[in-house]
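A.B. asks: Model the following, please.
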Amino acid sequence: MNDKTNQNDSCCDNNNSPCDCNTDKVPEPLVMAPVDDQACCGSPSGAPSGPSERPGYALWHFVEGFLNTPAGEVPRVKTEMSRSDLLGTISARTGINRHNYRIAPGLYCTGNPDDDSPVLVSANYKLSFDALRKGLDKISAWILVLDTKGINVWCAAGKGTFSANEIISRVKLAGLEKVVKYRELILPQLSATGVSAQDVKKGCGFKIVWGPVRAEDLKRFLSNGNRADNIMRRVTFSIGERLVLIPVELSLTVKPLLWALPIVFILSGIGADIFSFAGAWSRGISAVLALVAGVIAGAVVAPALLPWIPGNAFSFKGTIAGLAAGIGIVIFCNKGLSGFEIAALVLLTSTVSSYLTMNYTGTTPFTSPSGVEKEMRWAIPFQALSVLIASTLWVWSRFV
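C.D. replies: Residues are numbered from 1 along each chain as shown. The predicted structure is shown next:
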């Protein structure tokens with residue numbers, strides 16, 4: 001029901017459940033802190049969530065008309081993806097305008113639903129919304145889009161924007177009780193940690209039914225009487241699902257790299273002669289190669305080979321990948337490098353790789369929120385210390 005391929009968007013741009021995803025069971029919903037949303041013109045106050053505050057106020061390219069209901073006109077959306085959708089997906093996957101890739105919250109529909117058609121709930125992150133409407137091809141249904149501030153289902157559940165409070169508010173704003181005669185909402189399984197079904201029932205009278213993990217299973221889920229089998233419940237993190245996250249991770253490294261490059265060249269030039277431009281260039285190239293190798297190892301190699309790299313901690317897996325890349329850089333750049341320089345380059349590469357690989361902890365069923373927090377508490381200080389040691393060794397090598 002949510003954008004499964006977007007598991008890392010971001011919180012990780014990811015959609016996997018922050019609960020223990022190593023089981024087939026539906027996670028027990030947790031009560032999240034209420035989201036302070038004050039309704040204004042059919043949408044929470046603050047920055048608009050789309051080109052309008054009301055779905056259908058401006059005609060989106062995926063809206064093909066409107067359906068009259070007792071609660072007013074409801075935009076009918078297409079279930080096939082257009083060229084515009086494809087370009088938007090590519091942009092979001094590569095980190096371009098990703099945080100603003102959202103639609104207006106509210107009630108939408110597919111096909112020709114009536115008061116007996118299912119109501120499915122999604123986030124207003126457009127990749128999540130697109131995955132849902134695509135999964136409803138040739139199905140007449142209602143789609144209730146929450147204002148998750150443009151965050152995917154799983155991350156929004158963890159941040160508290162995909163919550164019981166927001167569902168209750170959105171049901172009332174949409175006048176959903178006038179549209180359907182039964183009182184049932186189908187939610188993405190991966191939103192369970194952010195939603196209290198009991199609170200929703202108490203707040204608006206609608207019962208929560210947990211849908212499948214993947215939107216592609218929706219047809220089978222609906223035809224099976226809104227029941228999910230074990231396959232529908234299981235969260236996966238295949239190589240394809242890992243590789244699709246790489247462009248976003250790489251795009252996020254561009255800005256830090258631009259800041260790091262001048263620092264690397266400056267440190268490379270410092271020595272007994274105070275500063276050497278020749279040293280800054282010759283040694284700086286080696287350091288930059290080590291830095292880039294660390295990025296590739298942590299953002300590309302480690303996630304691709306994740307299940308086969310030893311260890312449980314992602315930071316450790318990244319360190320292993322970075323060590324291999326660092327050794328390769330030393331062999332490639334071995335033109336009279338001293339022991340201090342070799343140690344500095346390998347340490348730099350492995351540390352950068354360790355940090356970037358750890359970013360994937362928010363997109364995988366291999367970890368839990370408590371495990372991620374525990375790892376970050378010890379890994380980040382260790383990584384910061386490693387960068388400091390690598391920088392010291394790199395500078396010190398020109399004094400000995």
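A.B. asks: what ranges do the helices span in the stretch 151-300 of the chain?
C.D. replies: Secondary structure of the stretch 151-300 of the chain (DSSP state H, counting those that start in this stretch): helices located at 153-159, 164-174, 176-179, 197-204, 218-223, 230-233, 239-243, 246-269, 277-296.
A.B. asks: can you redo these as a markdown table with mean pLDDT?
C.D. replies: Shown next, in a markdown table, are the helices of the stretch 151-300 of the chain (pLDDT from 0 to 100):
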| stretch | mean pLDDT |
| --- | --- |
| helix 153-159 | 86 |
| helix 164-174 | 96 |
| helix 176-179 | 96 |
| helix 197-204 | 96 |
| helix 218-223 | 92 |
| helix 230-233 | 80 |
| helix 239-243 | 81 |
| helix 246-269 | 90 |
| helix 277-296 | 93 |
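A.B. asks: could you redo the ones you listed as TSV and give each row distance to L185 and mean neighbour count?
C.D. replies: For every residue, glycine as well, the C-beta is placed using N, CA and C. Output for those, formatted as TSV (distance: least, C-beta to C-beta, whole Å; neighbours: other C-beta atoms under 10 Å):
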stretch	distance to L185	mean neighbour count
helix 153-159	14	29
helix 164-174	7	22
helix 176-179	8	18
helix 197-204	7	17
helix 218-223	14	18
helix 230-233	18	15
helix 239-243	27	15
helix 246-269	30	16
helix 277-296	43	19
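A.B. asks: Compare those and give me the one nearest D137.
C.D. replies: helix 218-223 (8.0 Å; C-beta to C-beta).
A.B. asks: Number of residues surrounding D147?
C.D. replies: Residues within reach of D147, counting by other C-beta atoms under 10 Å, total 28.
A.B. asks: so which helix or strand takes in V121?
C.D. replies: When elements are defined using DSSP states H and E, V121 is found to belong to strand 119-123.
A.B. asks: so what does that strand touch, helix or strand wise?
C.D. replies: Counting contacts by 3 or more C-beta pairs under 8 Å, 6 or more residues apart in numbering; DSSP states H and E, strand 119-123 packs against helix 126-135, strand 141-146, helix 153-159, strand 184-187.
A.B. asks: can you give me the offset of the first one from its chain's centre?
C.D. replies: So the one you mean is helix 126-135. 15 Å (C-alpha atoms, centre = their mean, to the nearest Å).
A.B. asks: Let me know the angle separating it from strand 141-146.
C.D. replies: Note on geometry: by axes from the mean of the first three to the mean of the last three C-alpha atoms, to 10 degrees, helix 126-135 and strand 141-146 are set 170 degrees apart in direction.
A.B. asks: Show residues contacting stretch 351-361.
C.D. replies: 8, 12, 242, 245, 249, 252-253, 291, 294-295, 297-299, 301-303, 306, 314-319, 321-322, 325, 367, 371-372, 375-376, 379-380, 383, 386-387, 390 (C-beta atoms under 8 Å, 6 or more residues apart in numbering).
A.B. asks: try 7 Å this time
C.D. replies: 8, 249, 291, 294-295, 297-299, 302-303, 314-315, 317-319, 321-322, 325, 367, 372, 375, 379, 383, 386-387, 390 (C-beta atoms under 7 Å, 6 or more residues apart in numbering).
A.B. asks: Give me the buried stretch members for it, please.
C.D. replies: T351, V352, S353, S354, Y355, L356, T357, M358, N359, Y360, T361 (16 or more other C-beta atoms under 10 Å).
A.B. asks: try stretch 93-104
C.D. replies: For stretch 93-104, by 16+ other C-beta under 10 Å, it's R93, G95, R98, Y101, R102, I103, A104.
A.B. asks: The fifth one and I151 touch, don't they?
C.D. replies: No. Here R102 does not reach I151: they are 8.6 Å apart, not a contact under C-beta atoms under 7 Å.
A.B. asks: shared neighbours, these two?
C.D. replies: Y125.
A.B. asks: coming back round to it: what residues does the strand holding V121 touch?
C.D. replies: 1-2, 128-129, 132, 141-146, 148, 151-153, 156, 162, 167, 176, 180, 184-187, 211.
A.B. asks: I'd like to check the angle between that strand and helix 164-174, please.
C.D. replies: With the same axes, to 10 degrees applied, the angle from strand 119-123 to helix 164-174 works out at 120 degrees.
A.B. asks: who touches E64 in this structure?
C.D. replies: R76, V77, K78.
A.B. asks: change it to 6 Å
C.D. replies: Applying C-beta atoms under 6 Å, 6 or more residues apart in numbering to E64 gives the contacts R76, K78.
A.B. asks: And E249, by the same measure?
C.D. replies: Per C-beta under 6 Å, 6+ apart, neighbours of E249: A299.
A.B. asks: I'd like the distance from it to R98, if you could.
C.D. replies: Plainly put, E249 is 12 Å away from R98 if you go by C-beta to C-beta, to the nearest Å.
A.B. asks: Equivalent analysis for Y125, please.
C.D. replies: Where R98 is concerned, Y125 sits at a distance of 9 Å (C-beta to C-beta).
A.B. asks: And F129, by the same measure?
C.D. replies: From F129 to R98 the distance is 14 Å (C-beta to C-beta).
A.B. asks: And F316, by the same measure?
C.D. replies: Taking C-beta to C-beta as the measure, F316 falls 29 Å from R98.
A.B. asks: And the pLDDT for the closest residue to P118 other than its chain neighbours?
C.D. replies: Nearest non-adjacent residue to P118, counting by C-beta to C-beta, 6 or more residues apart in numbering: A141, 5.0 Å away. Listed pLDDT for A141 reads 97.
A.B. asks: beta partners of A141?
C.D. replies: T110 (DSSP bridges).
A.B. asks: contacting residues around it?
C.D. replies: Listed by C-beta under 6 Å, 6+ apart, the contact partners of A141 are T110, P113, S117, P118, L120.
A.B. asks: Over to V209?
C.D. replies: Applying C-beta under 6 Å, 6+ apart, we find V209 in contact with E184, I186, N226.
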